[in-house]
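Asker: Structure of the sequence below:
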Amino acid sequence: QVQLVESGGELVQAGGSLRLSCAASGRTLSRYVMGWFRQAPGKEREFVATISRSGGRTDYADSVKGRFTISRDNTKNTVYLQMNNLKPEDTAVYYCAADPGLLSVLPSQYDYWGQGTQVTVSS
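Answerer: Residues are numbered from 1 along each chain as shown. Coordinates of the predicted model:
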């Protein structure tokens, strides 16, 4: 098993930036495809970004392309989500997740989840 802990969420003004971190313990992070998802109040959890085991391949939701960047440092067992030009509609709880299989945008493909970190973007 792998345990995931997110951090870095906070209140920020529109147009600002944040970097979220997801620290893993238990098993080495390099065994997993990693993803970031988010869930706003009253909405379903949605895909944000994913990254391959080596970091060589990434995929993003259309709503965040060009603004968010996912990266990983397997030596630190940590995945990051750099978020720039934040918008009020980015307000949500952000979750990182680990997938032992292939790159996927589906939450159901991810076996391990963190507890989430709140990002609030004020207008």
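
Asker: At which residues are the helices of the protein located?
Answerer: Using DSSP state H, no helices are found in the chain.

Asker: who touches the nearest residue to Arg19 once chain neighbours are set aside in this structure?
Answerer: Nearest residue to Arg19, sequence neighbours excluded (CB to CB, 6 or more residues apart in numbering): Gln82, at 5.0 Å. No exception for glycine: its C-beta is placed from N, CA and C like everyone else's. Contacts here follow CB atoms under 8 Å, 6 or more residues apart in numbering; on that basis Gln82 touches 17, 19, 68-71.

Asker: beta partners of Gln82?
Answerer: When bridges are called by DSSP bridges, Gln82 pairs up with Arg19, Thr69.

Asker: quick one: it from Ser122, how far?
Answerer: To Ser122, Gln82 is 20 Å away according to CB to CB, to the nearest Å.

Asker: Which residue lies nearest the spatial centre of this structure?
Answerer: In the chain, the residue lying closest to the centroid (CA atoms, centre = their mean) is Trp36, at 2.4 Å.
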